[in-house]
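*Asks:* Next one to model:
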Amino acid sequence: MEDDTPAAFDFDLLRELTESDGAPGYEDAVRAVVRRELAAATDEVRTDAMGNVVGTLAGEGEHRGYEVVVAAHMDEIGFMVRHVTDEGFLQLDALGGWDPRVLRAQRVRVHTREGPLTGVIGSVPPHTLTDEQKEKDPTVADVHVDLGLPSETVDERVSIGDVVTMRQTTIRMGDHVTGKALDDRVCLLAMIEAARRLSDPAVTVHFVATVQEEVGLRGAQAVGVDLDPDLAIALDVTVANDVPAFDAADYVTELGDGVAVKLKDSSVITNPKVNRRLRDLADAEGIAHQLEVLPAGGTDTANLQRAGGPVPVGALSVPTRYLHTPTESVHVADVAATVDLLSAFLGTETGEHDYSL
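*Replies:* Model (predicted):
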C-alpha cells in the first residue's frame, strides 16, 4: 500500500519533474518546469544556446561580485530511433548508459513531430527461446519497440532520430520515492527548494539546470565557461548498493543515512576545504550525512571544476537504488537532508571562505 505521509519537500513538483520527458539534447518539457519554478524564486532567468537554464539571485553584500554556481542536470537516459523495420518495429540507439537487461517488457513513449506514441519493448516468452538465444548477452541493438500499429502508419508517423523515453509514474513506496529519471530530477527539486529558501544572499548565486550530462557532461562545460564561477556545487544522485548480493564495502551509500558529501568519483576529486565545510555545517545543523567515494561514474562536478580554469568544487549526492532503470528509488529523508544542507551552505557563503589549496 502506498504511504500517504507527506514528504518534507514538494512531492508534487518532484513527480512533475520526473514524469516529464527529457532525453539528452531534448530537455524541453523539463526546461519549461524549471524555468517556471526559478522565475518565482530568483531575480532573473535565462536560457543559453545549448538549453542550460540559469536562474540568478543577486548578492546583497559587499561580496556580491563573488559568484557561486549550483548545478543539477535536466536530461535522462533515453534513445533515438535508428531504424524502422519493414514490419513497423523500431530499433534504437542509446542516449546514455543503459543496461540492456532492464529494457525488456517496458513501456516507452516515442516523441514524434505529430505527438507522442506509446510503445512497448518486446520480450518473447522464455520457453520459446533456443539455448543459444538464452545464453546471448542482450544489447540495445537487439531491442525492438512495438507500437501496435500497421507498418504503413508507423512509416507515416515515425522518423529516424525521433526520441524515445521510458513511460513510468512516480509514487511514494513506504519511506521511498520510486520512478524514472530521479537521476537527476530529484536534484533539480533540491536546487529549486534551496532557491525558494534563500533570501538576500551575501554573494551572487546562479542556479543552473544543465543539459546533456548523460552523454558527456556537455552542458556543464559550456555553462562553466559562460559563468566563470568563483565556487561551484554540483548536485547528482549516487549509487546505493545496499541491497542483497553486495558486500557492505561496495554499498557506496545507504538509503536513509542522509545526504552524501562527495569526496571523489571517476571524473573528479572535490576540493577538500569545500567538502570539509559541507561536513562541518551538517554536523553543526544536525543534518544526517554520509561520505561518498564512488569508484566509477562521473558528474557535472568535473566540468565545472575546470571548464574556464581551476574552480573550487563540492558536490552533494542523493543516494539512489537501481540507478539507470525505470524504478530508481530514493529515501524521502535523504532528499530532505540534501535540501537542508544545500540551503545551509548557500545561506552561510560570504565570499570570504578560503578554498585555495
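*Asks:* make it CA atoms for all contacts and neighbour counts henceforth
*Replies:* OK.
*Asks:* For the chain, spot the helix or strand the model is least confident about on average.
*Replies:* helix 131-135 (a mean of 69; mean pLDDT, DSSP states H and E).
*Asks:* Heading C-terminal from that helix, find the next helix or strand.
*Replies:* strand 144-146 (DSSP states H and E).
*Asks:* For that next one, which helices and strands make contact with it?
*Replies:* Packing contacts for strand 144-146, counted by 3 or more Cα pairs under 8 Å, 6 or more residues apart in numbering; DSSP states H and E, involve strand 90-95, strand 115-121.
*Asks:* now the angle from whatever helix or strand comes next after the first one to strand 115-121?
*Replies:* Elements were assigned by DSSP H and E; along the chain past strand 90-95, the next helix or strand is strand 107-112. With axes from the mean of the first three to the mean of the last three Cα atoms, to 10 degrees applied, the angle from strand 107-112 to strand 115-121 works out at 140 degrees.
*Asks:* Kindly export strand 107-112 (C-alpha atoms) in CSV.
*Replies:* The C-alpha coordinates for strand 107-112 follow below in CSV (Å, rounded to 0.1, in the frame of the first residue of the first chain):
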residue,chain,number,x,y,z
ARG,A,107,6.6,0.8,-21.9
VAL,A,108,8.1,3.7,-23.8
ARG,A,109,7.0,7.0,-25.3
VAL,A,110,8.1,7.8,-28.8
HIS,A,111,8.2,11.5,-29.4
THR,A,112,7.2,12.2,-33.0
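*Asks:* just checking, what packs against it?
*Replies:* Using 3+ Cα pairs under 8 Å, 6+ apart, strand 107-112 sits against strand 115-121, strand 163-166.
*Asks:* Can you list the strands that that strand pairs with?
*Replies:* Applying DSSP bridges, strand 107-112 is found paired with strand 115-121 (antiparallel), strand 163-166 (antiparallel).
*Asks:* looking at those, which is buried most?
*Replies:* Of all those, strand 163-166 carries the top mean neighbour count, a mean of 26, counting by mean count of other Cα atoms under 10 Å.
*Asks:* How about residues contacting that one?
*Replies:* 21-23, 26, 77-81, 106-112, 180, 326 (Cα atoms under 8 Å, 6 or more residues apart in numbering).
*Asks:* How many residues are close by Asp265?
*Replies:* 19 (other Cα atoms under 10 Å).
*Asks:* any idea how far Leu278 is from it?
*Replies:* 17 Å (Cα to Cα, to the nearest Å).
*Asks:* try Val163
*Replies:* In terms of Cα to Cα, Val163 sits 39 Å off from Leu278.
*Asks:* repeat for Arg172
*Replies:* For Arg172, the distance to Leu278 equals 29 Å [Cα to Cα].
*Asks:* Then Leu149?
*Replies:* For Leu149, the distance to Leu278 - Cα to Cα - is 54 Å.
*Asks:* The two: which is more packed in?
*Replies:* The neighbour comparison of Leu149 against Leu278 (other Cα under 10 Å) goes to Leu278, with 22 against 13.
*Asks:* Okay, buried residues for the helix or strand hosting that one please.
*Replies:* Following DSSP H and E, one finds Leu278 within helix 272-285. Counting neighbours by 16 or more other Cα atoms under 10 Å, one finds that the buried residues in helix 272-285 are 272-275, 278-279, 281-282.
*Asks:* What about Pro150, how many residues nearby?
*Replies:* 11.
*Asks:* change the start of the numbering to 460 and stick with it
*Replies:* With the count now opening at 460, the last piece we talked about shows up as Pro609.
*Asks:* Can you list phi and psi of the nearest residue in space to it that is not next to it in sequence for me?
*Replies:* Excluding the flanking residues, the one nearest Pro609 by Cα to Cα, 6 or more residues apart in numbering is Gly547, at 6.6 Å. In terms of degrees, to the nearest 10, the main-chain angles of Gly547 are phi 90, psi 10.
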